[in-house]
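> Need coordinates for the following:
(one chain, ligands or ions: 1)
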Amino acid sequence: MNTISRMLKQTKSIRDYTDTEITPEIRADILACACAAPSGGNQQAYTIIDITDPSIIEKLSVTCDNQPFITKARMVLLFCADCRKWNQAYATAGLPVTDPCITELIGAVTDAVIAAQNSVIAASGHGIGSCYIGDIKENCETVRQLLKLPDHVFPAAMVVYGYPTEKQKERKKPERVPMECIVSENRYPDMDEAYLHHMFVQKAGNRNYTEWLKMMFDHKANAPFMKEMRRSVLQYMKQYDWEDK
Ligand SMILES: Cc1cc2nc3c(=O)[nH]c(=O)nc-3n(C[C@H](O)[C@H](O)[C@H](O)COP(=O)(O)O)c2cc1C
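Residues are numbered from 1 along each chain as shown. Next comes the predicted model:
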């Protein structure tokens with residue numbers, strides 16, 4: 001196994017950090033690796049906000065479904081899907097600009113998340129742990145106001161970084177579902193009940209499978225944070241045109 005394969009398989013989310021600061025050189029390298037990621041048409045349809053103000057981080061730790069570990073991170077990056085900046089530039093050239101449609105948003109989210117993942121792997125190479133914070137998509141009004149996000153700029157991913165505590169280093173990386181349930185040749189597989197059971201039963205561990213599914217439903221799909229995220233993302237979606245013009 002080569003070094004990169006090993007790192008990709010070993011890198012896991014880290015949610016507790018030592019007090020060691022990340023040096024400016026390493027911060028710059030993580031950011032440079034993020035910006036080196038591929039992007040559609042090399043347009044880099046994202047803007048990265050390096051959040052260094054502790055008061056903003058403190059507020060985000062609350063708006064992001066109350067996750068206090070965020071305040072212990074030594075670096076916090078927000079990867080925004082930016083459907084605004086090219087249009088702004090086109091407008092300066094007097095071009096006939098229309099509001100971005102949902103197609104551009106999907107492209108920009110893809111660019112932003114690929115850049116985010118480059119930063120995760122770059123950090124890992126420096127011995128720095130990280131964790132995505134999906135809940136950045138909640139409380140859209142507050143997040144937009146705190147970070148001055150204009151229309152057509154969507155917070156696609158937030159990642160927090162820091163050197164892992166010994167306990168976090170020892171924590172076992174969660175298992176993935178069997179690879180044959182994820183990879184299918186030439187066509188989408190028939191995901192019948194047996195297939196789904198095979199895919200997910202290991203996650204249930206020694207719990208009753210159906211009871212475990214009910215628990216997952218309550219904790220994820222039907223949880224209050226998910227309702228808030230749906231509301232919040234819909235607020236963002238209202239900024240975009242849903243029809244191509
Ligand atoms: C889009 C996305 C959003 C996530 N949001 C959170 C989050 O808000 N809080 C958290 O503690 N972990 C979050 N995670 C981390 C996942 O829980 C983690 O990746 C998953 O459990 C697998 O564990 P591993 O990364 O340690 O292998 C997120 C991961 C992704 C990719």
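> Return the list of helices and strands in contact with the helix or strand hosting Lys9.
Secondary structure here is read from DSSP states H and E; on that basis Lys9 sits in helix 3-10. Using 3 or more Cβ pairs under 8 Å, 6 or more residues apart in numbering; DSSP states H and E as the contact definition, the elements that helix 3-10 packs against are helix 102-125. The way it works is simple: take the backbone N, C-alpha and C, and place the C-beta from them, glycine included.
> any idea which helix or strand comes after the helix it packs on?
Going down the chain from helix 102-125, the next helix or strand is strand 129-133, by DSSP H and E.
> Now do that next one: distance to the chain's middle.
Its chain's C-alpha centre and that of strand 129-133 lie 8 Å apart, by Cα atoms, centre = their mean, to the nearest Å.
> could I have the helix or strand following it exported to PDB, CA atoms only?
The helix or strand immediately downstream of strand 129-133 is helix 140-147, counting by DSSP H and E. Listed in PDB are the C-alpha atoms of helix 140-147, where the atom choice follows Å, rounded to 0.1, in the frame of the first residue of the first chain:
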ATOM      1  CA  CYS A 140     -28.800  30.400   7.700                       C
ATOM      2  CA  GLU A 141     -29.800  33.900   8.800                       C
ATOM      3  CA  THR A 142     -27.200  34.000  11.600                       C
ATOM      4  CA  VAL A 143     -24.400  32.400   9.600                       C
ATOM      5  CA  ARG A 144     -25.000  34.800   6.700                       C
ATOM      6  CA  GLN A 145     -24.900  37.800   9.100                       C
ATOM      7  CA  LEU A 146     -21.900  36.600  11.100                       C
ATOM      8  CA  LEU A 147     -19.700  35.900   8.000                       C
END
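> which other helices and strands contact helix 140-147?
Packed next to helix 140-147, using 3+ Cβ pairs under 8 Å, 6+ apart, are helix 54-63, helix 224-237.
> do you know which of these lies nearest Gly162?
Evaluated over the helices and strands packed on helix 140-147, closeness to Gly162 peaks at helix 54-63, with 11.8 Å, by Cβ to Cβ.
> Can you give me the buried ones in that closest one?
Along helix 54-63, the positions that meet the burial threshold by neighbour count (16 or more other Cβ atoms under 10 Å) are Ile56, Ile57, Lys59, Leu60, Ser61, Thr63.
> so who does the second one touch?
Taking Cβ atoms under 8 Å, 6 or more residues apart in numbering as the criterion, Ile57 is in contact with Ile51, Ile70, Thr71, Ala73, Val76.
> Which of these are buried? Put it as a PyMOL command.
Command for PyMOL, covering only those of the contacts of Ile57 found buried under the criterion 16+ other Cβ under 10 Å:
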select buried, resi 51+70+73+76
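> Would you mind listing what in the protein touches the ligand?
When proximity is defined as Cβ under 6 Å from any ligand atom, the chain approaches the ligand at Lys12, Ser13, Arg15, Gln67, Cys131, Tyr132, Ile133, Gly134, Asp135, Lys173, Pro174.
> Could I get the pLDDT score of the residue nearest to Cys140 when sequence neighbours are not counted?
Counting by Cβ to Cβ, 6 or more residues apart in numbering, Ser232 is the residue found nearest to Cys140 once chain neighbours are left out, at 4.0 Å. In this prediction, Ser232 carries a pLDDT score of 97.
> need the contact list for Ser232.
If a contact means Cβ under 8 Å, 6+ apart, then Ser232 has Lys137, Glu138, Asn139, Cys140 as its contacts.
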